[in-house]
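# Pasted the sequence and its predicted model underneath.
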Amino acid sequence: MSNTNIEWCKRPGTIPKVWNPVTGCNKISQGCKNCYAERMHKRLQVMHPSKYGQDFTAGAVCHDDLLTLPLKWKKPCTVFVNSMSDLFHKDVPFSFIDKVFETMAKSPQHTFIILTKRADRMLEFFTMLDKHGLNRVFTTNDETWPLPNLWLGVSVEDQAAADERIPFLLQCPAAVRVLSVEPMLGPVDIITYTQEGKTDRINFLHGGKIHQVFCGGESGPDARPMHPNWARSLQQQCAASGVAFFFKQWGEYRPWKNGDPIEKFEHVHPRQGNLLSRVIKVGKHKAGRLLDGVEWNEFYNLNSSAMSKRKNQNKIQTEAVELYSSSNSKQRRNISKKAVKHSQTKERKK
Ligand code: SF4
């Protein structure tokens with residue numbers, strides 16, 4: 001029941017799994033418009049009413065009985081945590097998230113992947129952990145914190161989401177940081193990334209703080225097309241920075257090519273259409289996952305060539321990292337405070 005076909009869970013030597021101690025969510029950005037979890041929830045409501053009885057958008061529901069499920073899996077798994085919700089949803093108490101972390105700490109045989117769109121609340125959680133410790137029995141040893149088996153990430157669908165969420169991610173303690181650019185709804189420039197309200201642009205990929213990028217177009221009946229150049233650009237940014245790049249899928253649309261029916265192409269930008277922005281709707285499976293003939297399956301791994309390259313680049317880019325660290329410490333503190341305030345305000349409004 002917990003096995004999954006999510007491509008980036010299929011890491012060599014591991015079993016791909018999903019673990020859903022939380023179900024249900026609310027839409028908070030354009031990337032949520034055609035939420036896959038919402039569609040699945042409707043189907044599962046019939047099959048598993050005890051777990052999915054509440055409507056998807058009624059909020060997040062925590063399932064205590066599933067908190068320790070991964071402890072039963074003895075073979076190494078790559079586990080996507082909460083494919084059916086967002087772990088950092090306001091309805092999920094920090095004490096519950098802490099128990100999720102405890103299970104991950106007690107399962108060193110697995111690799112867990114957490115992705116969120118609520119990066120501000122994620123940072124708030126880590127800030128609270130530092131202050132109060134909660135149930136963090138596993139963090140007394142420097143070697144086990146940040147959790148070495150957790151890949152922590154944010155989902156970003158376009159530049160605005162990247163600019164909003166990545167700064168929070170960068171402040172969270174994580175052994176591996178992930179950007180999931182899916183569904184990709186616009187170009188995402190993460191090399192010349194803009195610091196909040198400032199004109200100086202810093203290539204934070206070179207800082208070595210982002211380790212893995214997933215990229216994919218949207219699937220489902222109302223899917224929106226991804227411009228082929230957006231995916232190409234992201235791959236090139238990762239290659240230039242030695243960051244592992246995984247191209248998950250085109251989604252329902254793939255690039256139009258000579259020989260395709262001329263009457264069937266669509267432009268990603270109807271008003272500014274040119275040959276390069278032509279796409280054709282063929283369905284997720286036919287669209288496949290080749291980007292210009294290459295299947296990009298890079299995973300973060302210290303021994304991989306991508307990572308060796310990254311390590312070399314890190315040496316070269318020390319200056320850039322230091323620039324980031326020194327010039328923005330005040331700003332980072334402000335972002336931290338803002339994150340807590342923002343989250344509290346949102347909680348009050350609900
Ligand atoms: S945050 Fe994720 S699970 Fe929640 S509505 Fe958006 S896409 Fe769906």
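Arrived safely.
# And the strands in the stretch 51-200 of the chain?
For the stretch 51-200 of the chain, applying DSSP state E, counting those that start in this stretch gives strands covering 61-62, 77-81, 111-116, 150-155, 176-181, 193-194.
# Buried residues, stretch 99-112. List them.
99, 100, 101, 102, 103, 104, 105, 107, 110, 111, 112 (16 or more other Cβ atoms under 10 Å). C-beta here means a position set from N, CA and C on the backbone, and glycine is covered the same way.
# ignore the last one, stretch 242-262
Under 16+ other Cβ under 10 Å, the buried positions of stretch 242-262 are 242-256.
# Could you pull up the mean pLDDT of it?
Taken as a whole, stretch 242-262 carries a mean pLDDT of 92.
# End to end on it, go ahead and measure it.
38 Å (Cα to Cα, to the nearest Å).
# Give me every residue in the protein lying close to the ligand.
Residues of the chain lying close to the ligand (Cβ under 6 Å from any ligand atom) are 25, 27, 31, 32, 35, 37, 38, 85, 86, 117.
# and the fourth one, what is it in contact with?
When you say that, I think you mean residue 32. Residues near residue 32 by Cβ atoms under 8 Å, 6 or more residues apart in numbering: 25, 117.
# Check the gap between it and residue 232 for me.
25 Å (Cβ to Cβ, to the nearest Å).
# And the second one, by the same measure?
Residue 27 sits 29 Å away from residue 232, taking Cβ to Cβ as the criterion.
# returning to that earlier point: filter the residues of the chain next to the ligand down to the buried ones and hand me the ChimeraX line.
Selecting just the buried residues from these in ChimeraX takes one command, with 16+ other Cβ under 10 Å as the test:
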select :25,31,32,35,37,38,85,86,117
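# nearest to residue 185, of the residues of the chain next to the ligand?
residue 31 (6.8 Å; Cβ to Cβ).
# Apart from its chain neighbours, what residue comes closest to that closest one?
Leaving aside its sequence neighbours, residue 31 sits nearest to residue 157 (Cβ to Cβ, 6 or more residues apart in numbering; 3.5 Å).
# picking up where we left off before, quick check: the two most widely separated of the residues of the chain next to the ligand?
Within those, 31 and 85 form the most distant pair, 14.5 Å apart (Cβ to Cβ).
# What count of nearby residues applies to residue 116?
25 (other Cβ atoms under 10 Å).
# Tell me how many other residues crowd the nearest residue to it once chain neighbours are set aside.
Ranked by Cβ to Cβ, 6+ apart and with sequence neighbours excluded, the top spatial neighbour of residue 116 is residue 88, at 4.6 Å. Neighbour count for residue 88, taken as other Cβ under 10 Å: 25.
# what do you get for residue 169?
By the criterion of other Cβ under 10 Å, residue 169 has 21 neighbours.
# do residue 58 as well
The number of residues packed near residue 58 is 12, by other Cβ under 10 Å.
# Quick check: it touching residue 25?
No. Look at residue 58 against residue 25 with Cβ atoms under 8 Å: they stay out of range, at 9.7 Å.
# show me what contacts the residue lying closest to residue 97 once chain neighbours are set aside?
In space, residue 97 comes closest to residue 125 once its chain neighbours are excluded; the distance is 5.7 Å by Cβ to Cβ, 6+ apart. With contact set as Cβ under 8 Å, 6+ apart, residue 125 has these partners: 88, 94, 97.
# Look at residue 125 and report its pLDDT.
Per the predicted model, pLDDT is 93 at residue 125.
# could you check the distance from it over to the ligand?
Distance, residue 125 to the ligand, by Cβ to the nearest ligand atom, to the nearest Å: 16 Å.
# Kindly report the same for residue 214.
14 Å.
# per-residue pLDDT, residue 52?
pLDDT for residue 52: 88.
# Check residue 99 too.
Looking at residue 99, its pLDDT is 91.
# Name the nearest residue to it, sequence neighbours excluded.
Nearest one to residue 99, counting by Cβ to Cβ, 6+ apart, is residue 67 at 5.2 Å.
# wait, what's in contact with that neighbour?
21, 96, 99, 100, 103.
# same thing with residue 108?
Contacts of residue 108 by Cβ under 8 Å, 6+ apart are 148, 149.
# Now do stretch 227-239: distance to the chain's middle.
Centre-to-centre, stretch 227-239 and its host chain are 17 Å apart (Cα atoms, centre = their mean, to the nearest Å).
# pLDDT (mean, whole number) over stretch 221-237?
Averaged across stretch 221-237, the pLDDT comes to 94.
# Once you drop chain neighbours, what's closest to residue 75?
Nearest residue to residue 75, sequence neighbours excluded (Cβ to Cβ, 6+ apart): residue 15, at 5.8 Å.
# Next, give phi and psi for that neighbour.
Main-chain torsions, residue 15, degrees, to the nearest 10: phi -100, psi 130.
# Is it in contact with residue 80, as I believe?
No. In this structure, residue 15 is not within contact of residue 80 by Cβ under 8 Å, at 11.9 Å.
# ok, those two, which is more surrounded?
Neighbours were counted for residue 15 and for residue 80 using other Cβ under 10 Å; residue 80 has more, 21 against 17.
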